[in-house]
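Colleague: Compute the structure for the input listed below.
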Amino acid sequence: MSDVPKSHPRYLSLTLRDTIVAGVEKGITSIHGLIAHGRGEAYDYLIGEKTQPFAKTAIRAAAVMLCLAEHPIISVNGNVAALVPQDIIELGQILKAPLEVNIFHTESGREQKIQQHLQNHGASDVLMPTTEGQLSYIDSNRKFVHPEGIFKADVVFVPLEDGDRCEALRKMGKDVVTVDLNPMSRTAKHASVTIIDNVVRALPLLCHEIKTLSENATTQKTLAHYSNEAVLKEALQHISRGANG
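Modeller: Below you'll find the predicted structure:
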């Protein structure tokens, strides 16, 4: 980590950058993940660097969808593993859902390094991609999945997803819950529920919401009234208002 003082106005943002850089140095995060993080950081500025009401609406819907799932799976890439290992593990424990490593760039045994990184943080059930399970409608490395994980899942939680796989999962009849700071991305548009927020803020809130649901009667009412299109529209309007002063 750098020596950025906590009094620095960009302290949190800069420490997150350091976390991603450390992930690259450990072989967990692809160097391409630095570009993705920078792009997300720009959108975080535009939404005010805090969890907005439209994100909270999506978090409530995501919690219900994940709780109602028969076979939920949590997909983990390099940026997620670097930024929120404990939170993603906690989510899996709450849902009793396994984590599954799924990445685009597989250089230098990165899948195995991500698995070990998660296990070092306390994960007990980390599935790995295999050639036995392959997604339809996609040609990249991300088509390879575990047959008892993403391939079998009815709901897939895929924070920081890439659009191609999100589209493929939806075409296969699966629901997708994602966290994406860009409301205009293919992932955001194709997902069943899109949380427009920084993953480091969204994950603790999602875990809390699921714990709250587990203590009360979980109903379908939240999902029946949820519109992902409306959430994305609200996010874009918020960004537009900020851009126009």
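Colleague: quick one, what contacts residue 128?
Modeller: 100-101, 111-112, 115, 146 (Cβ atoms under 8 Å, 6 or more residues apart in numbering). C-betas here are computed from N, CA, C, even on glycine.
Colleague: Show me the residue at the heart of this structure, geometrically.
Modeller: By Cα atoms, centre = their mean, the chain has its centre lying nearest to residue 159, at 1.0 Å.
Colleague: Which helix or which strand is home to that residue?
Modeller: Counting by DSSP states H and E, there is no helix or strand that carries residue 159.
Colleague: Excluding chain neighbours, give the residue nearest to it in space.
Modeller: residue 179 (4.0 Å; Cβ to Cβ, 6 or more residues apart in numbering).
Colleague: what's the neighbour count on that neighbour?
Modeller: Counted with other Cβ atoms under 10 Å, residues neighbouring residue 179 total 31.
Colleague: For it, give the beta-bridge partners.
Modeller: For residue 179, the beta-bridge partners under DSSP bridges are residue 195.
Colleague: where along the chain do the helices fall?
Modeller: All helices of the chain, identified by DSSP state H, fall at 11-26, 32-46, 53-68, 78-83, 85-95, 110-120, 163-171, 186-190, 199-214, 221-224, 228-243.
Colleague: and of those helices, who's closest to residue 135?
Modeller: helix 163-171 (5.1 Å; Cβ to Cβ).
Colleague: And for the closest one, what's in contact with it?
Modeller: Residues contacting helix 163-171 (Cβ under 8 Å, 6+ apart): 102, 135-138, 140, 142-143, 150, 156, 158, 176, 178, 185-187, 190-192.
Colleague: cool, and stretch 40-53?
Modeller: With Cβ under 8 Å, 6+ apart as the criterion, stretch 40-53 contacts 12-13, 16-17, 160, 181-183, 196-198, 201-202, 205, 234-235, 238-239, 242-243.
Colleague: which of those are buried?
Modeller: 12-13, 16-17, 160, 181-183, 196-198, 201-202, 205, 234-235, 238-239 (16 or more other Cβ atoms under 10 Å).
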